[in-house]
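# Generate a structure from the sequence data that follows.
(chains A and B)
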Amino acid sequence: METVAHWTQNSIADFVYSISSNFVAQIETKIEANEISQNEIASKMNKTSGRVSQLLNNPGNLSIRVMAELAQALGMKVSIVAYDDGDHKNARGPIDPEVFVKSWEKLGRPADLFEVRDASLEVEEMPSIAYGSPTIQGHLIHDSHGLREFGYTYVSLTKPRARIVEPEPAFQLFAYNQGTLPPTQRKQNLVITQQPLPQKRNAA
Amino acid sequence: MSQFSVKFRMFGQIRQSANRQIGILTGMDELNIADGITELSENQKRELKVQLERWVDGHNGPKSHFHNFEGDSIAPMAFVFKVYKHRFYGYKTNPLPRTLPALQLIVLCTYAIKKGEDTDPQVKKFIKQMAESLDSASALAEVFDDTPRQTKKGPIQWKQ
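Below is the predicted model:
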């Protein structure tokens, strides 16, 4: 099947517009959620309300300096992130910046690479997965590198999705309350981790 | 080939996902989304595509850009994308309730210029009419096949 090019593939101006407009949407979401007036922002930026409105309505013309000013006026920061998502033909366009924000928040908002390393085990909410009766419900742990697959008796969990597997128990289910967990993992009341089942005895 | 005048096609050149997708109904004068897009400037066209993709990516706002009409007495299934004074209306549905129950599809139907704070009731009635129309359903069915397919391994056998 022929792949239809993403619209940001047409020109660099399209690509720039997409990332700038997504930035503005993040700002507008914050404004809407916190019920901040444009006058307040304008005052903090030392600009007129009309100028702020103009900036938000013309995402394609935003400079990095203005982005930083807008973010700071809302108590936020800006980072510019380059990444390789394997989509070298740009069939899907830029990844939504909120994906990076949510991922960072899920890691416990690490401030440096050491904190990223230390937050290698992450707790994530998981929808309930029905397997006969009763419904299995809980949270999954995955490592931040996505290298390991955690599983338990009936369900294999592969970041970020879950799938049903053959009922060959490779792991058993253990639940801990949050008091036994290190700080980086104390995010949910119940955490599921895995341990190998005892080896079956070989026939003599 | 559809025997109906109403046609459905996916919105081109934007990201679509297994969770959320966006398409357009055409084939009647009132189904004027394409006309609306031609009214937009270059940057406004870009803005529309950004907002469509933000919804596809899982966002539910800000409301200044798009929102549903949950609780609306006329058309609770309606949805609108806003680009400055331009409004692109449609309805939210799932054309694959059996095979992909989590799918959300927005079917864009009609375009209007914002005239007041509230959406014109006539627009909402038209959206409702399209959402409930058999012609729309037939047009969608030509793109979305909701026939469950049996895998080679057969259906999942739940262990009792």
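
# the bottom helix or strand of chain A by mean pLDDT?
strand A:171-177 (a mean of 31; mean pLDDT, DSSP states H and E).

# What are the buried residues along the lengthiest strand in chain B?
Identified as the longest strand of chain B according to DSSP state E is strand B:104-113. Neighbour-count burial for strand B:104-113 flags B:Q104, B:L105, B:I106, B:V107, B:L108, B:C109, B:T110, B:Y111, B:A112 (criterion: 16 or more other C-beta atoms under 10 Å in any protein chain shown). For glycine as for every other residue, the C-beta is placed from the backbone atoms N, C-alpha and C.

# got it, and stretch B:132-143?
By 16+ other C-beta under 10 Å, the buried positions in stretch B:132-143 come out as B:D135, B:S136, B:A139, B:L140.

# Under the pLDDT cut-off, which ranges of chain B? List them.
Scanning chain B for pLDDT under 70 picks out B:1-4, B:150-160.

# Now with 50, please.
The model of chain B has pLDDT under 50 over residues B:1-2.

# mind listing the helices for it?
B:33-38, B:42-56, B:121-132, B:134-143 (DSSP state H).

# right, so these: which one is the most enclosed?
Among the helices of chain B, helix B:42-56 has the highest mean neighbour count (mean count of other C-beta atoms under 10 Å in any protein chain shown), at a mean of 22.

# average pLDDT across the lengthiest helix in chain A?
Counting residues, the longest helix in chain A under DSSP H turns out to be helix A:12-34. Here helix A:12-34 scores 94 as its mean pLDDT.

# now check it, is it near chain B?
Yes. Using C-beta under 8 Å from any C-beta of the partner chain, helix A:12-34 reaches chain B at A:D14, A:Y17, A:S18, A:S21, A:N22, A:A25, A:E28, A:T29, A:I31, A:E32.

# helices and strands around the next helix or strand after that helix, which ones?
Next in sequence after helix A:12-34, counting helices and strands by DSSP states H and E, comes helix A:38-45. Here helix A:38-45 touches helix A:49-57, helix A:64-73, going by 3 or more C-beta pairs under 8 Å, 6 or more residues apart in numbering or on different chains; DSSP states H and E.

# Among these, which comes closest to chain B?
Nearest to chain B among those is helix A:49-57 (7.5 Å), distances taken as C-beta to the nearest C-beta.

# Please name the nearest non-neighbouring residue to A:E69.
Among residues not flanking A:E69 along the chain, A:M45 sits closest, at 5.2 Å (C-beta to C-beta, 6 or more residues apart in numbering or on different chains).

# Might you report the residue contacts of that neighbour?
By C-beta atoms under 8 Å, 6 or more residues apart in numbering or on different chains, the contact list for A:M45 reads A:V52, A:E69, A:L70, A:A73.

# and the residues you listed, which two are the farthest apart?
Pairwise distances across the contacts of A:M45 (C-beta to C-beta) peak at 9.7 Å, for the pair A:V52 and A:E69.

# Among these two, which residue is more densely surrounded?
Taking other C-beta atoms under 10 Å in any protein chain shown, A:V52 and A:E69 do not tie; A:V52 has more neighbours (25 against 19).

# I'd guessed the more buried one sits against A:E40; true?
No. Between A:V52 and A:E40 there is no contact under C-beta atoms under 8 Å: 9.6 Å.
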